[in-house]
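1. Predicted structure and sequence below. I'll ask about it afterward.
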Amino acid sequence: MRLRFQPYALQFIHPFGVAGNTRTSTTSVFVEISEGTYKGYGEACLPPYLGETEQATTDFLSAAQPLITAFESAMDVFELLHRVDQLHPHCNAAKAAIDIALHDLLAKIKGEPLRLYKQLPNITAKPTSFTIGIDTEEVVVKKIKASTDFQILKIKAGTPHDKELISLIRQHTDKPLYIDVNQGWTNKNEALEMIKWLADKNVILVEQPMPKAQLDDMRWLTRHSPLPTFADESVKRLSDLEQLDGAFNGINIKLMKCTGVNEALKMINYCRDTGLQVFLGCMAESTCGTSAMAQLIGLADYIDLDAPQLYKNDPFTGLSYSAGQLHLNNASGTGAVPLPGLFGNF
Ligand code: MG
């Protein structure tokens, strides 16, 4: 097999803000793994808050190249992913890119969509939320108006102006909301007061209300919260889940955090065994990475897989959005197809 990669700047249609930073573009490194004439594609999405740089990612992928070349077939995927994981203690997005490309490749060789190859529910459409980042009042209102097709909005909160923001949104829409605080509330009593204020405003869930370091406060908050709480920054991989016992009602699983499809499926099983709800999310990734997670929607309670809607220059096609739903195609693999020429300049 052969591995190649290509860094790429995804340009946002609107500058994208979360508690802590705002940016106009985001870097991904796309990966192609080939076996004979078959090609699988993966993506490492590198938002700055992940702490994974383009240089560290391309260094990791360069280090993985001889490992991939040494394997004749993607059929040894579990052994291969185990060895890739051992190359570095971090670089989770780079590991995810390899995992996604291998799963895409394996399912293409079998001639099936990845969901069927992995014997997952054959669900091809599900309502997804549309994310509205922290921004000026004018832009927030503009984004609400632009999102008429979506039936659920995910709101980035976690600033001192959250009540004003939610009140503003409620002047324009009564759609259900997911509130993502991105660790922005640091006082548990104030956090509970905020959640109680949100509870009668058609809010479905609250994501990562408090900093990941305040785990005991999170347990207290979840015990008292009238709304379900979901972990995001508190969880990357399967090994993080045990320590969260009782701290949240559900988990936001993302391929870039958890190293890919293989581990995401293990985390979903853990959630099912322990009564945690499953929220499948994405980072600021293109159709390439999002298509891989979209293959798992039949296992999710909630999904937030709207990232491909955010860019001017997504270099992959394959997912579509209509009537507030994410739609998968029936192509083999993840269903993501690179635009001609994207991989021409290797
Ligand atoms: Mg989040």
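-> Everything's here; your move.

2. ok, which residues in the stretch 151-300 of the chain are in contact with the ion?
-> When proximity is defined as Cβ under 5 Å from the ion, the stretch 151-300 of the chain approaches the ion at Asp180, Glu207, Asp232. (Each C-beta comes from the backbone N, C-alpha and C, glycine too.)

3. now with 6 Å?
-> By Cβ under 6 Å from the ion, the residues of the stretch 151-300 of the chain that approach the ion are Asp180, Asn182, Glu207, Gln208, Asp232, Asn252.

4. how near is the residue of the stretch 101-250 of the chain found nearest the ion to Gly335?
-> Relative to the ion, the nearest point of the stretch 101-250 of the chain is Asp232 (3.6 Å; Cβ to the ion). Note on Asp232: its distance to Gly335, by Cβ to Cβ, to the nearest Å, is 26 Å.

5. For the stretch 101-250 of the chain, which segments count as strands?
-> 125-127, 129-132, 152-156, 177-180, 203-207, 229-231, 250-253 (DSSP state E, counting those that start in this stretch).

6. Ramachandran angles for the residue nearest the centre of the chain?
-> By Cα atoms, centre = their mean, the chain has its centre lying nearest to Cys282, at 1.3 Å. For Cys282, the backbone dihedrals (degrees, to the nearest 10) come out as phi -140, psi 170.

7. Identify the residues contacting it.
-> Cys45, Lys254, Leu255, Met256, Gly289, Thr290, Met293, Asp304, Leu305, Asp306, Ala307 (Cβ atoms under 8 Å, 6 or more residues apart in numbering).

8. Now stretch 216-227: buried residues?
-> Under the neighbour-count criterion of 16 or more other Cβ atoms under 10 Å, stretch 216-227 has Asp217, Met218, Arg219, Trp220, Leu221, Thr222, Ser225, Leu227 buried.

9. oh, I was asking about stretch 97-116
-> By 16+ other Cβ under 10 Å, the buried positions in stretch 97-116 come out as 97-109, 112-116.

10. do the longest strand along the chain and the ion meet at all?
-> Identified as the longest strand of the chain according to DSSP state E is strand 2-18. No - using Cβ under 6 Å from the ion, we find that strand 2-18 stays clear of the ion, coming within 7.8 Å at best.

11. rewinding a little: CSV for the contacts of Cys282, including neighbour count, distance to Glu79 and secondary structure?
-> Below are these laid out as CSV (neighbours: other Cβ atoms under 10 Å; distance: Cβ to Cβ, whole Å; DSSP: H, G, I helix; E, B strand; the rest coil):
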residue, neighbour count, distance to Glu79, secondary structure
Cys45, 27, 26, strand
Lys254, 26, 25, coil
Leu255, 32, 20, helix
Met256, 29, 23, helix
Gly289, 33, 23, helix
Thr290, 28, 27, helix
Met293, 28, 24, helix
Asp304, 24, 32, strand
Leu305, 25, 30, coil
Asp306, 22, 35, coil
Ala307, 25, 31, helix
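
12. quick one: which of the residues you listed is nearest to Lys196?
-> Asp304 (23.7 Å; Cβ to Cβ).

13. any idea how far the closest one lies from the ion?
-> Relative to the ion, Asp304 is positioned 8 Å away (Cβ to the ion, to the nearest Å).

14. cool, and Leu67?
-> As judged by Cβ to the ion, Leu67 and the ion stand 32 Å apart.

15. Could you do Phe71 as well?
-> 35 Å.

16. Might one say that Asp135 is in contact with Lys143?
-> Yes - counting by Cβ atoms under 8 Å, Asp135 sits close enough to Lys143 to count as a contact (7.3 Å).

17. Now for the two: what residues contact both?
-> Shared contacts of Asp135 and Lys143, counting by Cβ under 8 Å, 6+ apart, come down to His14.

18. about what we covered before: would TSV of the contacts of Cys282 with pLDDT be doable?
-> As requested, the contacts of Cys282 are exported to TSV (pLDDT from 0 to 100):
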residue	pLDDT
Cys45	97
Lys254	98
Leu255	98
Met256	97
Gly289	98
Thr290	98
Met293	98
Asp304	96
Leu305	96
Asp306	92
Ala307	93
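
19. Thank you, goodbye.
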